[in-house]
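Participant: next one to model:
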Amino acid sequence: PDFDVAKFCKEIGMSRTLLNRKIQELSGLSTAKFIQNYRLKLSWEILSKNRIAKNMNITDIAYEVGFSDPKYFTRCFHKHFGILPSAIITKKE
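Facilitator: You can find the predicted model right below:
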């Protein structure tokens, strides 16, 4: 959760404006949305790998990928993928 746009700018060595412009050109997303989508894709990978997800609940996965609120994570996940994260876990069992 500590990795935000400001930290991304610092790590990559670009100003906020330039980074946002580059991310927008390449992905069509704002930098914040780009980071969020990366976290969601990472969570999908974790959930899809049953051996890893089996030992983790949704809250654990939300925190693992950088969300600080599991309910917000679930809403974002559902909006992005059209399925609840819990449905992926139960589908694997």
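Participant: tell me the centre residue of this structure?
Facilitator: R39 (1.7 Å; CA atoms, centre = their mean).
Participant: you'd agree that residue is up against E64?
Facilitator: No. With contacts counted by CB atoms under 8 Å, R39 stays clear of E64, the gap being 9.4 Å. Heads up, the C-betas are built off the backbone N, CA and C, glycines and all.
Participant: so what does the closest residue to the residue nearest to the centre of the chain other than its chain neighbours have for phi and psi?
Facilitator: Excluding its sequence neighbours, the residue lying closest to R39 (CB to CB, 6 or more residues apart in numbering) is V65, at 4.4 Å. Dihedral pair for V65: phi -90, psi 0, per degrees, to the nearest 10.
Participant: in contact with V65, which residues?
Facilitator: V65 is in contact with 39-40, 42-43, 46, 73, counting by CB atoms under 8 Å, 6 or more residues apart in numbering.
Participant: where does M56 sit: helix, strand or coil?
Facilitator: Here M56 is coil, with the state taken from DSSP: H, G, I helix; E, B strand; the rest coil.
Participant: I'd like to know how far the residue nearest to the centre of the chain sits from L47.
Facilitator: R39 is 13 Å from L47, where distance means CB to CB, to the nearest Å.
Participant: same question, S86
Facilitator: Counting by CB to CB - S86 and L47 are separated by 9 Å.
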